[in-house]
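S.K.: quick one: sequence and predicted model below, then my questions.
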Amino acid sequence: MVKLEDIKTVTVVGAGTMGHGIAELAAMAGYKVYMADINMDILRSALERIRWSLGKLSERGFLRESVESVMSRITPIVSVTAEGAFSEDLARAVSESQVVVEAVPEKLDLKQSLFAFASQHAAEDSILATNTSSLPITEIARAARRPERVVGMHFFNPPVLMPLVEVIRGEATSDETVKLTLELARKMGKTPIVVNKDVPGFIVNRLLGRLMNMACFLVDKGAATIEEVDSTVFYTLGLPMGVFELADYSGIDVFYLVTKAMTDRGFQVVPCTLFEEKFKAGKYGVKSGEGFYKYPEAGKFVKPSHKRELAGKVDPAMLLAVPLNEAAYLLRTGIASKEDIDIAVKLGLGWPKGIFEFADELGLDKLVSTLEKLKAEYGLAIAEPDPLLRSMVAEGKLGRKSGEGFYKYVAVEETVKETIIVRKEKPIAWIVLNRPERLNAINPKMIEELDNTLEDLEADPEVRVVIIKGSGRAFSAGADVTAFTGATPIDIARFSRKFQQLTLKMQYLAKPVIAAIHGYALGGGSEIALSADIRIASEDAIIGQPEINLGFIPGAGGTQRLVRLVGPAKAKEIIMTGDFIPASEAYKMGIVNRVVKTGTLDEEARSLAMKLAEKPPLALMMAKYAIDMGYEASLASGLTLESSLFSLLFTTEDVIEGVSAFLEKRRPKFKGR
Ligand code: NAD
């Protein structure tokens, strides 16, 4: 059986919108890549696009080698002969590859003939993956000699930037094939989820299809206007785009045709004519200059100005109830796990929360009654509440308000400040950097609020551990440079000093501080994370000190703390190149303590915090001081400090408790006295 380490060569068939991006990802992951298409002109333009994209990635510090060395791993090949048969070159490429990924046009007969050909030439255990958006994997696999090695590997456009990959199991796909495809997707820097059955639309397009369809239906019925729906979706739910705005942006024709392909395969939707009318009138959205909104010219996207006062004119439950019902169906029937469905909407659609998290917030009872209402008022069969929702409501699992829904909740005390949210979930306190629209850029107000918050948390004996994280798409993309405009060097020095004092306060807080990092932690964001005691990153985290690209250097401890973690050579490389360090590499360098699956960061941070919260608080504080201060001193002074703190702890009640619990073989209860 092929293992991840055995994969050396990947063939990508089809070098169009998706194929060239997949080839680029495979080459970036270090594989030798054959990229196949029907003629050299298409291949040349695909190579150009890849080179351009690699150049951009390199400029932004995402590439850890030269553009040329990545390019040198890609070999273009023509996949068909003049007569239209598959070529010898393709046969050779496939026979040399451990993985073939297909991204040819969405035509079943074409994909089937390709899989029949590829499986004749491929080694026994190589993987044949299809990037299809709407065709069943099972039907494509039927044409292959070893359907158990055929799998769906659904990338999103553009593959290089979109973090999600849906790995779809056909009826015959083996567990090893799924496992290896997941590993490969991770190796290519993506976060994969498993879809256990090739239902139309898989997860992302299926849930998005439901949301679009409901929005369309409500407008069609006169229950809401386009602007009301979009303002509610944008402001109240916090999705990155309104529903109709997204349709315009991606192309109404694309949505119309994808939905049609799904309904042709049995996906039931409620009747709604809005999309069809626009499609037939050629009003495709941004690309044609008009769709649901008007644009200054074809191809030029200008974000429609959604009106805050219209937000909430539509009950968000009316929009989300049917998509949630679908998600409940996918979960109940084992098509995907709760975590994977939530990751799918977060990474595939950019939602700030998973659909089950939304459900828990809106309340499951409310969602079920909304479904009943949709059923009664409009006779919608798809609004029949899923048995899972009904049983959860019957058991009193209503979501956040009842302490449990799809997830479990504990009592929280939340204080929303201008730039941060402080959530005390005792014994843990969360500090959430909360300027999501600016990727949590750090401004003087945030520094002041963080500073005051740390004082408060230090003084609260019921808070044992602090976790700091970002809201929205990032931990923090750095200091808000707009705050520097017009500032004198003295103003900047003050800002830097204040920021540095904040990082010192965090480092020497008398309780453990965990930084939970997702998305970007850049510049000042990275410096905050570096002053925490422990850093946990999700797979999508990217850490960096890119100040050099703006003409300056880190000013809040970056040059000092990074060197203590990774040594001078690595620290210099990171700071002098300004490169972005992906989570996996940051882990290898020792910048982060561990990397966890995207979507599980809060859970992982919480479980580590709970573990620390059970430890003796005074000993935790002394351990912090012995390590941090001892590290700055000579060995002899460090050792002296250690023994002083060590002996001091023997005056505490916690030591008596710890030793007696040990002798009595029970769990100790430390009080911090
Ligand atoms: P595309 O039209 O941009 O590219 C398809 C490429 O395949 C073209 O360059 C074409 O010349 C080539 N091709 C045609 N016949 C071929 C053959 N016999 N051998 C080799 N190459 C051949 O299409 P796309 O948007 O890249 O879509 C490809 C696949 O990816 C489809 O299955 C689509 O459903 C899926 N997909 C598309 C998107 C998207 O947003 N575009 C997203 C996810 C998945």
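M.R.: Received it, and whenever you're ready, just let me know what you need.

S.K.: use CA for all of it now, contacts and neighbours both
M.R.: OK.

S.K.: could I get the contacting residues of the most centrally placed residue in the chain?
M.R.: The residue lying closest to the centre of the chain (C-alpha atoms, centre = their mean) is Leu347, at 4.3 Å. Going by C-alpha atoms under 8 Å, 6 or more residues apart in numbering, Leu347 touches Met162, Pro163, Leu164.

S.K.: you'd agree the last one is up against Phe156?
M.R.: By that I understand Leu164. Yes: taking contacts as C-alpha atoms under 8 Å, Leu164 lies within contact range of Phe156: 6.8 Å.

S.K.: any shared contact partners between the two?
M.R.: Shared contacts of Leu164 and Phe156, defined by C-alpha under 8 Å, 6+ apart, comprise Gly348.

S.K.: which of these two has more neighbours?
M.R.: Between Leu164 and Phe156, counting by other C-alpha atoms under 10 Å, Leu164 is the more crowded of the two (27 against 22).

S.K.: can you pull the contacts of the more buried one?
M.R.: Contacts for Leu164 (C-alpha under 8 Å, 6+ apart) come out as Phe155, Phe156, Lys190, Thr191, Pro192, Ile193, Ala344, Leu347, Gly348.

S.K.: can you tell me what sits against stretch 537-545?
M.R.: Contacts of stretch 537-545 (C-alpha under 8 Å, 6+ apart): 163, 190-191, 516-524, 526, 554, 558, 574-575, 578-584, 586, 592-601.

S.K.: what about that stretch, average pLDDT?
M.R.: The average pLDDT for stretch 537-545 rounds to 95.

S.K.: count the residues that sit near the nearest residue to Gly334 once chain neighbours are set aside.
M.R.: Residue nearest to Gly334 in three dimensions, not counting chain neighbours: Asn196, with 7.1 Å by C-alpha to C-alpha, 6 or more residues apart in numbering. Asn196 has 20 neighbours, counted by other C-alpha under 10 Å.

S.K.: and the pLDDT for Asn196?
M.R.: pLDDT for Asn196: 98.

S.K.: and the gap between it and Ile203?
M.R.: The gap separating Asn196 from Ile203 is 10 Å, by C-alpha to C-alpha, to the nearest Å.

S.K.: just to revisit the earlier point, how close does the residue nearest to Gly334 sit to Thr9?
M.R.: 27 Å.

S.K.: what of Leu25?
M.R.: From Leu25 to Thr9 the distance is 13 Å (C-alpha to C-alpha).

S.K.: between the two, who's got more neighbours?
M.R.: Set Leu25 next to Thr9 and count neighbours by other C-alpha under 10 Å: Leu25 wins out with 24 against 21.

S.K.: thought that one was touching Arg186?
M.R.: No: Leu25 is not in contact with Arg186 according to C-alpha under 8 Å; the separation is 10.9 Å.

S.K.: need the helices for the stretch 501-650 of the chain, in chain order.
M.R.: 524-530, 558-566, 568-577, 583-589, 601-613, 617-632, 635-649 (DSSP state H, counting those that start in this stretch).

S.K.: quick one, domains of the chain?
M.R.: Per the record, the chain has its domains at 4-195, 204-402, 413-601, 617-664, by automatic domain parsing.

S.K.: for the stretch 1-150 of the chain, what lies in contact range of the ligand?
M.R.: Neighbours of the ligand within the stretch 1-150 of the chain, by C-alpha under 6 Å from any ligand atom: 13-19, 36-38, 79, 103-106, 131-133.

S.K.: tell me the contacts of Ser637?
M.R.: The contact partners of Ser637, by C-alpha under 8 Å, 6+ apart, come to Gly630.

S.K.: measure it to the ligand for me?
M.R.: Look at Ser637 and the ligand: by C-alpha to the nearest ligand atom, to the nearest Å, they are 60 Å apart.
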